[in-house]
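Student: please find the sequence and the predicted model below.
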Amino acid sequence: MAAPDSPSAALQRRDLCSRGIRLAGKMRSDVVDLLEAYVERQGLDASASVAAVEGVPVAAAERWDEQTGTQRLLENLAAYRAFRALLAQMLEEQREQLGEADAALGRALAAVLLQVSAFAYHLEELLRLESRGPPSEEAAGPPPASHLSLFERKLRGLGVLRELAQWAVRSTRDLRQLAKPSPGSSSAPSPAESP
C-alpha cells in the first residue's frame, strides 16, 4: 500500500472521500424520505420534540474545526456502527409491531440499514488508507428497549432517524475536509497525477 503522504495515496483518499460524500448524500436523502414515512405510519407529529436518546450518537461536535482527519473518521465510524445496531433493532421492532402489514416501511428501513453498513465499511477503508486500521467493534449493541412502551419506542425511532440524517450531513462535511490537500502538499496535481 502507498505511504499516506504519497501522491497515489492522496488521489486514492480523494477518490474514497468523493465516493463517501455521494454515499452520504444518497443516505441522507433516503433517511429523510424514511423519516417522513415513519412519522406518518407511526402516527407521530413531525414536529414532536424528542429528548436525547440513549445509545444514539450526537452529530454535533465541539471544536469540530480542530479535529484531525483520523479523529473525524473514528467518530463517524463509531456513530455508524451504533446506528447499524439501532436500525437493526428498529427493524425487528417494526416487524413485531406491524408484521408484514407495512412491508414498504420495513423495506425502506432495511435499505437504510444496508446503506449505513456500507458507509461504515467505506469509513473502515479510509482508516486503512490512513495507515490506521479500524478499531474492533464492541459487542455492546444497542440499549435494551424492552422496558420502553410502544410510544416510547416510536419516539426513540424518530430520534434515531433524525440524528442519522444529521450524521449524514456531518459525514459529508468531514469527508470534504479530509479530501482537502494536506498543508504540506501542493494543491495542483503533478503531471503524473493529471489525466
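Tutor: Structure received.

Student: show me what contacts the residue at minimal distance from the centre of the chain?
Tutor: With distances taken as Cα atoms, centre = their mean, the chain has residue 80 as the residue nearest its mean C-alpha position (4.3 Å). Each residue near residue 80 by Cβ atoms under 8 Å, 6 or more residues apart in numbering is listed here: 116, 119, 120, 123, 167. Backbone N, C-alpha and C define where each C-beta goes, glycine included.

Student: switch to 7 Å and redo it
Tutor: Applying Cβ atoms under 7 Å, 6 or more residues apart in numbering, we find residue 80 in contact with 116, 119, 120, 123.

Student: buried residues, the longest helix anywhere in the chain. List them.
Tutor: Under DSSP state H, the helix in the chain containing the largest number of residues is helix 7-42. If you call a residue buried by 16 or more other Cβ atoms under 10 Å, then helix 7-42 has these buried ones: 9-10, 12-14, 16-17, 20-21, 23-24, 27-28, 30-31, 34-35, 38-39, 41-42.

Student: what mean pLDDT does stretch 177-184 get?
Tutor: The pLDDT scores in stretch 177-184 average 75.

Student: next one: stretch 107-118
Tutor: Averaging pLDDT along stretch 107-118 yields 96.

Student: what's the answer for stretch 35-48, then?
Tutor: Mean predicted lDDT for stretch 35-48 stands at 89.

Student: show the end-to-end separation of it, please.
Tutor: Start-to-end span of stretch 35-48 (Cα to Cα, to the nearest Å) is 12 Å.

Student: where are the low-confidence patches of this structure?
Tutor: Within the chain, the segments meeting pLDDT under 70 span 1-5, 98-101, 138-146, 182-195.

Student: what do you get if the cut-off is 50, keeping everything else the same?
Tutor: Flagging of the chain using pLDDT under 50 yields the residue ranges 1-2, 184-195.

Student: all helices of it, in order?
Tutor: Going by DSSP H, the chain shows helices at 7-42, 69-98, 103-129, 150-179.

Student: quick revisit: grab the nearest non-local neighbour of the residue nearest to the centre of the chain.
Tutor: Nearest non-adjacent residue to residue 80, counting by Cβ to Cβ, 6 or more residues apart in numbering: residue 120, 4.1 Å away.

Student: touching, the one you found and residue 81? I think so.
Tutor: Yes - in this structure residue 120 lies within contact range of residue 81 using Cβ atoms under 7 Å: 5.7 Å.
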